[in-house]
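> Sharing a model prediction with you, sequence too.
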Amino acid sequence: MSKAYFGTDGVRGRVGQDPMTADFAMRLASAAAQVLVPTGGTVVIGKDTRLSGYMFESALEAGFVAAGADVLLLGPLPTPGIARLTQEFKADLGVVISASHNAYFDNGIKFFDSSGSKLTDSIEHKIEEHLKERAITLESQALGKAKRIDTARVRYEEFCTASMPDGINLDGLKVVFDGANGAGYKVGPRALTALGAEVIPIGCSPNGKNINDGCGSTEPGLLQLTVPALHASVGVALDGDGDRLVMVDEEGTLIDGDQLLYVLATARHKKGELKGPVVGTVMSNLGLEHALKAQSIEFRRARVGDRYVLEALKDAGGVLGGETSGHVLVLDKTTTGDGLICALEVLAVMKETGKPLSELAAGMPKYPQTMVNVRTEQRMDPGQSAEIQDAVAVAEDELADTGRVVLRASGTEPVIRVMVEGEDADQVFSLANRLASVVAAAAT
């Protein structure tokens, strides 16, 4: 059963438009409290640096307090830090106010359960059922209380620095850190400095409107120019809420989530410390699968979305997984994707091996990939069209073992994403556009 408000990563939209209004936020808090927070229970609320975060923080606080929950306000903090402090404070629920990599005029609300994990689909359905009701307000003696936690950033910073392997520090590394003018703008540079790195911060001057604007993991161009210009060892870029990471090697080359996963997996495998299979998604580059196979490392694919990567890892007993975009899960360190923790893991490998990031990532070829988005009049399942499936079969025959085809319906709009990947860029481009034409014709 589809959900009315929750997407793959909470509720998200344009501020001031349904559902991202103060009224809805208060009702959402009331609904979530009734499902997950007993009277007298505790909720932690954190946010990124968007201007609208103040409004949603106040609305959520009101909804939870009215429903009898005590609220701890963490202020600006990366999403994984909020997940961590949900556990540390033994809270019943963690709340993140963020639209991740989106521009400042969007915002979102997502939840973590008491274990610091994202909610299941069934729990989100239960919350949506309560959204059909009015927000509740208990009698005065049953209302909750709220207070601000001034030590939240320091607590998360200490957690991150403590994740480094014993005896490893970052002395001698010159790191350019891009905080996307987002939630990690302060904790990132301070954690790296505490571990001994020389840090040059960019994208660390938020003003409420410049989050993800020309900076961060989705726009790393400035980072790519800055690292070689300053003769830095490496560049680190988070997204607005700090759960995604991309890096830049000493030559200014972008290293994406697939390549970071390869670096971590092969390093652990060589030390005999890799547990279970590595999990990517259906969109992970074929070069990752082939490179891991060459190292005798099992690789599995999950649906798009870090929550599905997490489910697959738990089912298989694995600890490493992620997406091309930079959502990387290191489950023996954290419960959710954490850009800063992942960066520290990669930097630790650089220190342990004495190798630059360019050399560590060189073992994974990136196969050419072409994505074509085909807009349809209404949502459709490409798997139900014989014409489309016949065209896919022909394309797969042409690629043989050198590539693959993925057709995926968008979860948020009437769009079919046609992706073709292979060793030959010209062939990939031609097949993707040919398949897109077939999909467009079938959709009319």
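Looks like it arrived, so ask away.
> low pLDDT regions in the stretch 301-444 of the chain?
Along the stretch 301-444 of the chain, segments meeting pLDDT under 70 span 411-412.
> Show me where it has its helices.
306-316, 339-353, 357-361, 386-399, 425-443 (DSSP state H, counting those that start in this stretch).
> what about these, which gets the closest to Ala32?
Set against Ala32 and scored by CB to CB, the helices of the stretch 301-444 of the chain come closest in helix 306-316, at 17.0 Å. Glycine gets a C-beta too; all of them are placed from N, C-alpha and C.
> Buried residues in the closest one, which are they?
If you call a residue buried by 16 or more other CB atoms under 10 Å, then helix 306-316 has these buried ones: 306-313, 316.
> now swap in stretch 70-83 and tell me
Taking 16+ other CB under 10 Å as the neighbour-count basis, stretch 70-83 is seen to contain the buried residues 70-74, 76-83.
> So for it, first residue to last residue, what's the gap.
The straight-line separation of the ends of stretch 70-83 (CA to CA, to the nearest Å) is 17 Å.
> now, among the buried residues of helix 306-316, which is nearest to Leu407?
Proximity of the buried residues of helix 306-316 to Leu407, judged by CB to CB, is greatest for Tyr308, which lies at 17.5 Å.
> so who does the closest one touch?
Going by CB atoms under 8 Å, 6 or more residues apart in numbering, Tyr308 touches 281, 302.
> 10 Å instead, please
Shown in contact with Tyr308 (CB atoms under 10 Å, 6 or more residues apart in numbering): 8, 279, 281-282, 301-302, 321, 323.
> Most neighbours among those residues, which one is it?
Tallying neighbours with other CB atoms under 10 Å puts Gly321 at the head of those, with 32 neighbours.
> Give me the spatial nearest neighbour of it, chain neighbours excluded.
Spatial nearest neighbour of Gly321, chain neighbours left out: Val279 (3.5 Å); criterion: CB to CB, 6 or more residues apart in numbering.
> helix/strand/coil for that neighbour?
Classification of Val279 using DSSP: H, G, I helix; E, B strand; the rest coil returns strand.
> Skip the chain neighbours and tell me the closest residue to Lys351.
Ile168 is the one closest to Lys351 (CB to CB, 6+ apart), at 5.5 Å.
> And the residue nearest the centre of this protein?
His327 (4.0 Å; CA atoms, centre = their mean).
> distance of it from Asp243?
6 Å (CB to CB, to the nearest Å).
> Now do the shared contacts for the two.
Taking CB under 10 Å, 6+ apart as the contact rule, His327 and Asp243 both touch 9, 100, 217, 306, 336-339, 342.
> Need these in JSON lines (columns: distance to Val175).
Below are those laid out as JSON lines (distance: CB to CB, whole Å):
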{"residue": "Asp9", "distance to Val175": "28"}
{"residue": "Ser100", "distance to Val175": "23"}
{"residue": "Ser217", "distance to Val175": "15"}
{"residue": "Asp306", "distance to Val175": "25"}
{"residue": "Thr336", "distance to Val175": "23"}
{"residue": "Gly337", "distance to Val175": "20"}
{"residue": "Asp338", "distance to Val175": "17"}
{"residue": "Gly339", "distance to Val175": "13"}
{"residue": "Cys342", "distance to Val175": "14"}
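> Phi first, then psi, for the closest residue to Asp113 other than its chain neighbours.
Leaving aside its sequence neighbours, Asp113 sits nearest to Leu119 (CB to CB, 6+ apart; 6.0 Å). Geometry field for Leu119 lists phi and psi as phi -70, psi 150, criterion degrees, to the nearest 10.
> list the contacts for Leu72?
42-46, 85-86, 89, 91, 94, 145-149, 152.
> Pull out the buried members of those residues.
Among the contacts of Leu72, the ones that count as buried by 16+ other CB under 10 Å are 42-46, 85-86, 89, 91, 94, 146, 149, 152.
> Which of the residues you listed fall within helices?
Here DSSP state H is the test, and the buried ones among the contacts of Leu72 give 85-86, 152 as lying in helices.
> The residue nearest to Phe24 when sequence neighbours are not counted in helix, strand or coil?
Setting aside the residues directly before and after it, Phe24 is nearest to Asp18 in space (CB to CB, 6+ apart), at 6.8 Å. State at Asp18, reduced to three classes by three-state DSSP: coil.
> residues near Ala291, how many?
Using other CB under 10 Å, Ala291 has 23 neighbouring residues.
> hang on, Arg148 packs against Leu74?
Yes: the pair Arg148 / Leu74 is scored as a contact, 8.1 Å apart, by CB atoms under 10 Å.
> now do the same end-to-end measure for stretch 330-341.
End-to-end distance for stretch 330-341: 8 Å, by CA to CA.
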